[in-house]
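Undergrad: Here is the input, now give the coordinates:
(chains A and B)
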Amino acid sequence: MPVSASVLALPFMQRALAAGILIGLLSGYYGVFVVQRQLSFLGIGLAHSAFGGVALGLLIGVNPLWVALPFTVVVALAISWVTQRGSVSGDTAIGIFFSIAIALGVLFLAMRENYTADAFAYLFGSILAVKPVDLWVIGGVTVMTLATLPMWGRWAYATFDRDLARADGVPVRRDDYVLAALLAVAVVAAVKLVGIVLVAAFLVIPPATARLVTATFRAMSVVAVLLGATTAIAGLIASYLFDVPSGATIILVQALVFFVAFLTRGR
Amino acid sequence: MATPALSVTDLVVTLGDHTVLDGITFEASVGDFVAVIGPNGAGKTTLIRVLLGLTASDGGVVRIFGRRPSRADAGVVGYVPQVKTLDRSFPAPASDLVLTALHQRWPGRVSREERRQAVEALDAVGAAHLADQSLGTLSGGELQRVYLARSFIRSPRLILLDEPATGVDISGAADLYELLETYQADHDATIVMVTHDWTAAYHHATHVLLMDGAPIGYGPPEEALSEDCLRRAFGHIGHAHAMFGGAP
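TA: Numbering: from 1, shown residues only, chains lettered A, B, ... in the order given. Got it, this is the predicted structure:
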């Protein structure tokens, strides 16, 4: 039996691949808005905010994912709310809230009796860490994303020019909250596999690569989604074969594709 | 009497503790071409934003064909923004931007019929050849035509333009007035345009609103652009000599 087939027969590998493909699709999709709105810092901020939620989950003995989900969504909405009030820039709001979340996370971890290594798995991601319950969460995020697909056109319009979209009656502010919440959920769903430290790259590199090779926003969206999924598969298989961390491997594959595109197509 | 296309009464807008608009009052009938003129910081762009429903007023009444700006039908008002606000990194051909005006969202799949409509709208402003060109590569003048096509495509009855001639060369600006006047004649449309170009306002507008936060003059160009009014708006009339001294 060839190596690739034997890899696919392993249940944990099947879970990791399923998770990787879905996360790749989701982050490619949301990432196009992150990249075009120049919000890559938001991706980093939300991922690190998830750390606060994970640490709280570890402290109170609940599956960290269930705590990180609402925790990160609240941070995302808070960032949007503060930004929309206009007196503080989005960049600053992200900087404030993600520092608070990390500080809380550090406190929560310190309050634990036995300081264990399980926080480490969340920081850097693990191919072995994806449990069936995580797949359910990722599946849930995928369903939510499919349900909100009709909002793509409005998000894209507001991404191009907020005022133009608002003048046309698009509820830009409400749409922004929905996008921020979904982005937070997608980030948390990716944390187990990719790791808190690296998850933002998922939102940035495939869409940035797609931007280099496409001329329309819809093509950029489609290519980013496909790149997200295919690089996840390639990276996961490489990570298994060479016995190296999954998240980091996927991102290096994504970066490789980006630089090939940049050097051949970039202006 | 017919409902005016646009009526603004005692409009007040404060941003923070700064009163940006203070008692602006004017009325435009169907077919009027109103040029809004004033020094930098006079609140001209804020006025356009209020008319678009983007900025809330703190006092006064604004009606577009008898309705509040936020309640006006999307198809009634066409908006031509400043060319310089364009996000040049956004990947899109010109035809996609034109089509946003049809459905109030960014176009996903473009049907053959929509494509035809976009090209037709671009053709009407002499820009059919730009349909597939990337927005990021367009010059100021080309981009302005695309924005014009975008606003014309849904046949608005009121067109709001915010400094459309800024970043556009002189021949492009001349084309702009011609295109606007042709559209206006065909559709009986009303035009409100913020501009720095006094000469153009003098020659093309039916009415001029001269303002500096507060209204200074409103009426036919020769009245609103009187020496007295200009001195009150700008503190001097240096630029006006050329205009009154026989501009082209």
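Undergrad: can we go C-alpha only for contacts and neighbour counts from here?
TA: Noted.
Undergrad: What values do phi and psi take at the most centrally placed residue in chain B?
TA: When Cα atoms, centre = their mean is applied to chain B, the residue found nearest the centroid is residue B:161 (1.2 Å). Residue B:161 adopts backbone torsions of phi -120, psi 130, taken as degrees, to the nearest 10.
Undergrad: Spit out the contact partners of it.
TA: By Cα atoms under 8 Å, 6 or more residues apart in numbering or on different chains, the residues touching residue B:161 are B:48, B:79, B:80, B:81, B:82, B:191, B:192, B:193, B:194.
Undergrad: What score does the residue located most distally from the centre of chain B have for pLDDT?
TA: Largest separation from the mean C-alpha position in chain B: residue B:112, at 30.4 Å (Cα atoms, centre = their mean). With respect to pLDDT, residue B:112 scores 93.
Undergrad: how far away is it from chain A?
TA: According to Cα to the nearest Cα, to the nearest Å, residue B:112 and chain A sit 16 Å apart.
Undergrad: do the same with residue B:165
TA: 18 Å.
Undergrad: Tell me the gap between the helix or strand encompassing residue A:212 and the middle of its chain.
TA: Assigned by DSSP states H and E, residue A:212 falls within helix A:199-213. Distance, stretch centre to chain centre, for helix A:199-213: 11 Å (Cα atoms, centre = their mean, to the nearest Å).
Undergrad: which regions of the chain sit below the pLDDT cut-off?
TA: Let's take chain A. Under the criterion pLDDT under 70, the flagged ranges of chain A are A:1-5, A:114-117, A:266-267.
Undergrad: that's the wrong chain, I meant chain B
TA: Chain B contains residues with pLDDT under 70 at B:1, B:167, B:169-171, B:236-248.
Undergrad: and it, which residues reach chain A?
TA: Residues of chain B lying near chain A by Cα under 8 Å from any Cα of the partner chain: B:52-54, B:70, B:74, B:79, B:81, B:86-87, B:89-93, B:100-101, B:104-108, B:134.
Undergrad: related to what we said a few turns ago, which strands or helices does the helix holding residue A:212 pack on?
TA: Where contact means 3 or more Cα pairs under 8 Å, 6 or more residues apart in numbering or on different chains; DSSP states H and E, helix A:199-213 is packed against helix A:11-36, helix A:40-60, helix A:172-194, helix A:217-241, helix A:246-265.
Undergrad: Would you convert those helices into CSV that also reports mean neighbour count?
TA: What follows is these, written out as CSV (neighbours: other Cα atoms under 10 Å in any protein chain shown):
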stretch, mean neighbour count
helix A:11-36, 24
helix A:40-60, 25
helix A:172-194, 24
helix A:217-241, 22
helix A:246-265, 18
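Undergrad: thinking again about what came up before, filter the residues of chain B next to chain A down to the buried ones, PyMOL style.
TA: Only the buried entries of these go into this PyMOL selection, using 16 or more other Cα atoms under 10 Å in any protein chain shown:
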select buried, chain B and resi 52+53+54+70+74+79+81+90+91+92+93+100+101+104+105+106+107+134
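Undergrad: Just the ones of the residues of chain B next to chain A in helices?
TA: Among the residues of chain B next to chain A, the residues falling in helices (DSSP state H) are B:52, B:100, B:101.
Undergrad: Okay, buried residues for whichever strand or helix holds residue B:178 please.
TA: Element membership for residue B:178, per DSSP H and E: helix B:170-187. Within helix B:170-187, the residues that count as buried by 16+ other Cα under 10 Å are B:172, B:173, B:176, B:179, B:180, B:181, B:183, B:184.
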